[in-house]
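Enquirer: I would like to see how this sequence folds:
(chains A and B)
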Amino acid sequence: MGLFSTQEQDIGFRIAMAGNPNSGKSTLFNLLTGLRQKTGNFPGVTVDLHVGYCKLPNGKKVEIIDLPGTYSLFPKSIDEQVTAAALCNEQHPNYPQLTLVVADSSNLKRSLYLCTQLIDIGMPVILVLNMIDVALRKTIEIDVPKLSNMLGVPVVKVNSKEGTGIDDLKNQIEKSSLKSSAPLLPTNEISNHNWQGLQAALEGKSAFNAFVQCINHNLFFKTTIDSQIKDFFKNEVVNLIQLQTSESLCRFKLIGKITDTCLSYKNRDINPITQKLDNIFTHKVWGFAIFLLVLFSIFQFIFTFSALPMEWIENSFAWFSDIIGNALPKGILNDIITKGILAGLSGVVVFIPQIAFLFAFIAILEDSGYMARVSFIMDKMMRKFGLNGKSIIPLISGAACAVPAIMGARTISNTKERLITILVTPLMSCSARLPVYTLLIALVVPSKNLWGIINIQGLILMALYLIGFLAAIGAAFVLKFLIKSKEQSYFIMELPIYRLPQAKQVGMVIYDKVKVFLFEAGKIIIAISIILWLMASFAPGNRMKDIEQKYASSSLAEVEKNNRIAAEQLEASYAGIAGKTIEPLIAPLGFDWKIGISLVTSFAAREVFVGTMATIYSVGDDADERSIRVKMKEEINPITLQPVYSTAVAFSLMLFYAFAMQCMSTIAVVYRETKGYKWPIIQFVFMAALAYLSSFTVYQLLK
Amino acid sequence: MSEILLCDLKVGEHGTIHHFNDENIALKLMEMGCLPGEVITLERFAPMGDPMAIAVAGYSLSLRKSEAAFVVLQKS
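Expert: Now for the predicted structure:
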């Protein structure tokens, strides 16, 4: 099974997965598609949909798309709009031939709302009863054959936790006729409008399909639809909200009849374990204390446990670089590979352990149901800052990467709260800043333990994340007064039961994120490493040769002579010229021209900083085994004879990276999510100003 | 039988949904299973007094007091 071996022409048909939030949809998606998934194009453009491939028992491959969770076909947030548009509009590029409705078996009624709506718009459906284990614990019994009979669609029981029922589901997919089944709710019960007539006018699949097109008219690409609907209802009064209300009431009456026959339960109590845990996690005092403790433990864990694997990676690269360096003939190619590419790559690969841990923790917080409680306890506080309790999820995810975090803000239905969340999320310290922080902290902060257990370096790291968070909510507070809105804000959200996160699911997230980081970010880093190496190795005219000649007759010792040549050559090179050009601008922040080069290259992505430093310090250095950290520590300012990376410089640099918008991908995603240049430009400027001012202040105070 | 707003319920008390005073909130709550006739039990308030968590239709739902002010319950 090749990872990306699936060719477009092999695909049998397209399946969509839809379901309520917390129905275990993504787990099932991972079970069906395994590692045969396409993930978003990061960095650069973003995608809305997770696409994967599944092999059926007959050998055919089908494409599966995982749609954002929704409760109905009538979207209340941008997130839900994506789903409704893909499922209701036959012209949509992601329109599926079959939809798997994933239902939380312990909450069948609510799941059947979406399911029967899809059946009624003429979508071929397979109902997947997930979380059977939870339902059984609540002593809920579902009569599957009867349910299937009443709905007129196949119904399959699965347990995505144990992976049972998957083969059965694949068989049902294979057997599917891909044809619509009979509508369940007669449209004349909703209202006495002529829906059949509208169906004919719009050439819809069913009368209810015409009804949905009418309600969701703004989601369709057909520009004629508005005028068609208007023409059809000429003199009739159509109140869309009243129609939806009537539809909900009629449909739930119908669902009530179905569940009365197919569903039996002894008690409807909420899970007692969840109740007990909520008493603690949403407690007046313990709730906040535990939240802080969780964050604190995560950062301590990341710093303490990634040290060893990071050392292995650094050593392996040094060893590998040596072998390549000796195997290849001396010359430009050898230099490009060992001092350009390998030096740049090593600086990036070394951070994989930390990134893996960070994404794992975020996945665990999400999957366990704890993140929803954090939103719950933080909502009132967040509202004071112009945010929503749901903003806490993008903000915390922003500690991993701002790109998916900003897309995660789609679940916030209020436009103003969503916009503020998008604007301030990049101030949260993302995993790309982690390499920069770690490198600089290791340079100036001693690796000692406070009271024997608390790692001081970890503490500083946590402080940096805290500063990012404070800057984010501070900025939100200011924006709250600048952005005007009359729209109502909502916080209607399910508090899912607590579940033990599954190692396999967390593993998938780690695999996915590390792969994206390594390959997508790696591409940029290699390209920039090569360009940098070229810029650092060549100079206008004969400057490089002149410097060598200057020292040719010198009586200095060999090592000393080579070092001086290397330093002067770097300064004379194109890279040196670029760094020197911006030096006057960054000198008040304590940065020299070498840091200047890194700032310029970091505008593609922050993590490039480390690779750039590695490349700059490898040029003209024969002792490659020494890590970049050691080289930076030994760097002496030729004028003051003090280390270049003093505490003042390191902290000034860390603050600059904490606040500045140095990420093309984030700019691209903000542009896309806010539909224009206005907000990304405003965001870029305020973050740059914040970065410059705070770096300036810190450097001037500490120097 | 007396009418009471959901936001005025005390922790542990319950009531039956009678009607909603806001169309948009009604739509959102109904698609999540809060229909007239369903019994709501107030489980808890968030540490700072808002939002609140209710048990309805066999699961927990959180909503703000301002939203709960539009939900009219019947209490026996």
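Enquirer: remind me which residues of the stretch 501-650 of chain A are low pLDDT?
Expert: Across the stretch 501-650 of chain A, the ranges flagged by pLDDT under 70 are A:517, A:520-521, A:524-525, A:604-605, A:618-628, A:637-641.
Enquirer: The residue lying closest to A:Arg543 once chain neighbours are set aside: what's it in contact with?
Expert: Closest residue to A:Arg543 apart from its sequence neighbours, by CB to CB, 6 or more residues apart in numbering or on different chains: A:Ala572 at 4.4 Å. C-betas here are computed from N, CA, C, even on glycine. With contacts taken as CB atoms under 8 Å, 6 or more residues apart in numbering or on different chains, A:Ala572 has the following neighbours: A:Ala539, A:Arg543, A:Met544, A:Ile547.
Enquirer: how about the strands of chain A, start to end?
Expert: When secondary structure is read from DSSP state E, chain A shows strands at A:11-19, A:37-38, A:50-55, A:61-66, A:98-104, A:125-130, A:140-142, A:155-157, A:263-265, A:449-450, A:454-455, A:493-495.
Enquirer: Tell me the helices and strands packed up against the longest one.
Expert: Counting contacts by 3 or more CB pairs under 8 Å, 6 or more residues apart in numbering or on different chains; DSSP states H and E, strand A:11-19 packs against helix A:25-33, strand A:61-66, helix A:78-88, strand A:98-104, helix A:108-120.
Enquirer: Quick one, which of these gets closest to chain B.
Expert: The minimum distance between chain B and the helices and strands packed on strand A:11-19 falls on helix A:108-120, with 4.2 Å, by CB to the nearest CB.
Enquirer: What's the mean pLDDT across the closest one?
Expert: When the per-residue pLDDT values of helix A:108-120 are averaged, the result is 95.
Enquirer: what about that helix and chain B, touching?
Expert: Yes - using CB under 8 Å from any CB of the partner chain, helix A:108-120 comes into contact with chain B via A:Lys109, A:Arg110, A:Tyr113.
Enquirer: hmm, the longest helix seen in chain B in reach of chain A?
Expert: In chain B, taking DSSP state H as the definition, the longest helix is helix B:23-31. Yes - Helix B:23-31 comes into contact with chain A (CB under 8 Å from any CB), by way of B:Glu23, B:Asn24, B:Ile25, B:Ala26, B:Leu27, B:Lys28, B:Leu29, B:Met30, B:Glu31.
Enquirer: Tell me the one among these nearest to A:Phe299.
Expert: Among the residues of helix B:23-31 next to chain A, B:Lys28 lies closest to A:Phe299 (CB to CB), at 36.9 Å.
Enquirer: Tell me, how many residues neighbour the closest residue to the closest one other than its chain neighbours?
Expert: Distances taken as CB to CB, 6+ apart place A:Ile492 nearest to B:Lys28, at 5.3 Å, with adjacent residues excluded. For A:Ile492, the neighbour count with other CB atoms under 10 Å in any protein chain shown is 19.
Enquirer: Just the local confidence number for A:Ile492, please.
Expert: The per-residue pLDDT of A:Ile492 was computed as 90.
Enquirer: same check, this time on B:Met32
Expert: Note for B:Met32: predicted pLDDT of 93.
Enquirer: Report the residue ranges of every domain in chain A.
Expert: With automatic domain parsing as the criterion, the domains of chain A are listed as A:8-175, A:187-265, A:527-702.
Enquirer: which of the contacts of A:Ala572 has the most neighbours?
Expert: A:Ala539 (21 neighbours).
Enquirer: Identify, from the contacts of A:Ala572, the entry nearest to chain B.
Expert: Looking across the contacts of A:Ala572 and measuring by CB to the nearest CB, the closest to chain B is A:Ala539, at 62.2 Å.
Enquirer: tell me which parts of chain B are close to chain A?
Expert: Applying the criterion CB under 8 Å from any CB, the portion of chain B that neighbours chain A consists of B:23-33, B:35-36, B:43-44, B:46-51, B:53, B:55, B:57-64, B:67.
Enquirer: May I see the ChimeraX selection of the buried members of those residues?
Expert: The buried residues among the residues of chain B next to chain A can be selected in ChimeraX (16 or more other CB atoms under 10 Å in any protein chain shown) with this line:
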select /B:25,26,27,28,29,30,31,32,33,35,43,44,46,47,48,50,51,53,55,57,58,59,60,61,62,63,64,67
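Enquirer: Please enumerate the strands of chain B.
Expert: Counting by DSSP E, chain B forms strands over residues B:2-5, B:14-20, B:39-45, B:52-56, B:59-63, B:71-75, given from the N-terminal end onward.
Enquirer: Could I get the ones you listed in JSON lines, plus columns for distance to A:Met508?
Expert: Formatted as JSON lines, the entries for the strands of chain B read as follows, by distance: least, CB to CB, whole Å:
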{"stretch": "strand B:2-5", "distance to A:Met508": "45"}
{"stretch": "strand B:14-20", "distance to A:Met508": "40"}
{"stretch": "strand B:39-45", "distance to A:Met508": "33"}
{"stretch": "strand B:52-56", "distance to A:Met508": "31"}
{"stretch": "strand B:59-63", "distance to A:Met508": "26"}
{"stretch": "strand B:71-75", "distance to A:Met508": "40"}
